[in-house]
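Novice: Provide a 3D model corresponding to the input given below.
(one chain, ligands or ions: 1)
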Amino acid sequence: MTRKQDKFVPIRPNRVNMFVCGPTVWDVSHIGHGKTYVAYDIIARYLRRKGFSVFFLLNVTDVDDKIIKKAHDLGEQPLVLAKRLAKSFFKDMKDLHVESVNLYANASDHIPEIIDQVSGLLKKGLAYRVEDDVYFDISKFPGYGKLSHQKLEDLTVHRVDPDPRKKHPGDFALWKGEKPGEIFWDSPWGRGRPGWHVEDTAITLTYFGPTYDVHGGGTELIFPHHEAEIAQAEGLTGKQPLARYWLHTGLLSIKGEEMHKSLGNFITIQEMIQKVGTAGLRVFYAGTHYKSPLDFTDQALEQAVSLARRFRRAYDQMLLARAKIGNQKTETAAVLKRLDEARDDFFRAMDDDFNTPGALAAYIKIIGLAEEEAKNPKNKSVNAMIEALEDLGSIIGVLETGTVAQDRVAELVNFVFELRNELRSKRDFQSADRIRDRMAKLGFVVEDSAEETRWIT
Ligand SMILES: [Zn+2]
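Specialist: Predicted structure coming up:
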């Protein structure tokens, strides 16, 4: 809104109400959607790490033109199609480790609130009926254009429904009268369904009231979607602002082109996770500031994936070192000071409008310290490294294990080592050593100690 960075002061101290525009569930989600939701996931994780109690609300648009059209093409009920694709979206979020969302709210579950909002806008004279349709009258809301910094007379309205019966070409639909064969609900204006923009404000008014702290979504939603949300909510409640802070994520492109099924460059979240794992993909996203566009190239992805592996390796080395050295008392003041500096760098970067590339750079410094430490590990610094890598790693989500496939491999390896331990307890050391040597060749190094057997990759 201000086109600059502002100091973050939530309405209530220590509480953050955050709403992010969720998916329209008419198709599977691609890695561009993944960029957006991982960005807000990192933001929510960070705010929580800083001590805020965050309520992260994400809506699911399950009533929409695209859903109706696709359902018609497939001969399916629109809400059935939407439910199926919402389920696939939730799986994507789970596999991406987007864990910070408190509530997913479906538009179709809030039809009464939507009808109330449209009625209220009609009563206030901010909306008008054209037969069974209801439109918002943008000329009646003086602030229209304040988020996208446009004046009413030079609005770019090509993205708004064309309808010659409207008073202004930029007026947008609040309620759409039933068309033959389409899904509908009863309303004071006859059967019909909500427009897109009013779904979100009905949801946020329900859970957050007239004003909340953070509104997020992709940059492409600024106009008309978010502009429309402001007009509806502020027009109806008379309270300003709808959201104190707006955060918009930059688009993801593929080798310079917009991702599109017709261009054959459409990559789903599931395909990518199967290919590179969750941690690699999250490092790839975090390598670019949330509001910047991100161009996907194989090279950039490979760099991120090998970085994620390096994080994991260094962390595992520290775990192994801890298991080896036990509680010996050793002095490591110099390295602890460098660790603190890197940790401060991480927080300074994140405090600066969630600068994840800066935070990653600080994390890499700690990884470097851990790799150095692994050569001659000392108890106190190893523990401090593990603590820092886990703490900061959990904000970006870089240490978590990735795909289902990786989890299965881990299970299988554990099983093989379980069998090996059984052989050892039966004093069949020859077979046990054979397994150890073979696994070592595959990159799974076994460490036996009195109390446990650990493996690292
Ligand atoms: Zn929205």
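Novice: use CA for all of it now, contacts and neighbours both
Specialist: Will do.
Novice: Would you mark the buried spots in stretch 235-249?
Specialist: Buried residues in stretch 235-249, counted by 16 or more other C-alpha atoms under 10 Å: 235, 236, 237, 242, 243, 244, 245, 246, 247, 248, 249.
Novice: Please list the outside residues in contact with it.
Specialist: By C-alpha atoms under 8 Å, 6 or more residues apart in numbering, the residues outside stretch 235-249 that reach it are 1, 8, 10, 36, 39, 117, 120-121, 124, 126, 141, 210-219, 222, 230, 233-234, 290-293.
Novice: export the buried residues of stretch 235-249 to JSON lines and tack on secondary structure and pLDDT?
Specialist: Below are the buried residues of stretch 235-249 laid out as JSON lines (DSSP: H, G, I helix; E, B strand; the rest coil; pLDDT from 0 to 100):
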{"residue": "235", "secondary structure": "helix", "pLDDT": "98"}
{"residue": "236", "secondary structure": "helix", "pLDDT": "98"}
{"residue": "237", "secondary structure": "helix", "pLDDT": "98"}
{"residue": "242", "secondary structure": "coil", "pLDDT": "98"}
{"residue": "243", "secondary structure": "strand", "pLDDT": "98"}
{"residue": "244", "secondary structure": "strand", "pLDDT": "98"}
{"residue": "245", "secondary structure": "strand", "pLDDT": "98"}
{"residue": "246", "secondary structure": "strand", "pLDDT": "98"}
{"residue": "247", "secondary structure": "strand", "pLDDT": "98"}
{"residue": "248", "secondary structure": "strand", "pLDDT": "98"}
{"residue": "249", "secondary structure": "strand", "pLDDT": "98"}
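Novice: between those residues, which is closest to residue 374?
Specialist: Taking C-alpha to C-alpha as the measure, residue 374 lies nearest residue 249 of these, at 38.1 Å.
Novice: What are the boundaries of the strands in the stretch 1-150 of the chain?
Specialist: Ranges of strands in the stretch 1-150 of the chain, per DSSP state E, counting those that start in this stretch, are 15-20, 53-60, 103-106, 127-130, 133-136.
Novice: highest average neighbour count across these?
Specialist: Mean neighbour count (mean count of other C-alpha atoms under 10 Å) peaks for strand 133-136 among the strands of the stretch 1-150 of the chain, with a mean of 24.
Novice: Could you tell me how far it lies from the centre of the chain?
Specialist: Here strand 133-136 is found 33 Å from its chain centre; the criterion is C-alpha atoms, centre = their mean, to the nearest Å.
Novice: With just CA atoms, put stretch 336-346 into CSV.
Specialist: Taking C-alpha atoms only, stretch 336-346 is exported to CSV below (Å, rounded to 0.1, in the frame of the first residue of the first chain):
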residue,chain,number,x,y,z
LEU,A,336,31.0,-19.9,19.5
LYS,A,337,31.5,-16.2,18.9
ARG,A,338,31.5,-16.8,15.1
LEU,A,339,28.3,-18.9,15.5
ASP,A,340,26.6,-16.1,17.4
GLU,A,341,27.6,-13.6,14.7
ALA,A,342,26.1,-15.8,12.0
ARG,A,343,23.0,-16.3,14.0
ASP,A,344,22.6,-12.5,14.4
ASP,A,345,23.0,-12.1,10.6
PHE,A,346,20.2,-14.6,10.1
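Novice: List the buried residues of it.
Specialist: Within stretch 336-346, the residues that count as buried by 16+ other C-alpha under 10 Å are 336, 339, 342, 343, 345, 346.
Novice: Helix or strand: which one has the third one?
Specialist: For residue 342, the element it lies in under DSSP states H and E is helix 333-351.
Novice: ok now that helix, how far from the chain's centre?
Specialist: Remark: helix 333-351 is offset 26 Å from the chain centroid, using C-alpha atoms, centre = their mean.
Novice: ok so, going back, from the contacts of stretch 235-249, list the buried ones, please.
Specialist: Buried by 16+ other C-alpha under 10 Å: 10, 36, 39, 117, 120-121, 126, 210-219, 222, 230, 233-234, 290-291, out of the contacts of stretch 235-249.
Novice: What ranges in the stretch 301-450 of the chain fall below the confidence cut-off?
Specialist: 329-331, 400-408, 449-450 (pLDDT under 70).
Novice: Mind giving me the packing neighbours of the host helix or strand of residue 395?
Specialist: Assessed by DSSP H and E, residue 395 sits inside helix 379-396. When contacts are defined as 3 or more C-alpha pairs under 8 Å, 6 or more residues apart in numbering; DSSP states H and E, helix 379-396 packs onto helix 31-49, helix 278-286, helix 298-325, helix 333-351, helix 356-375.
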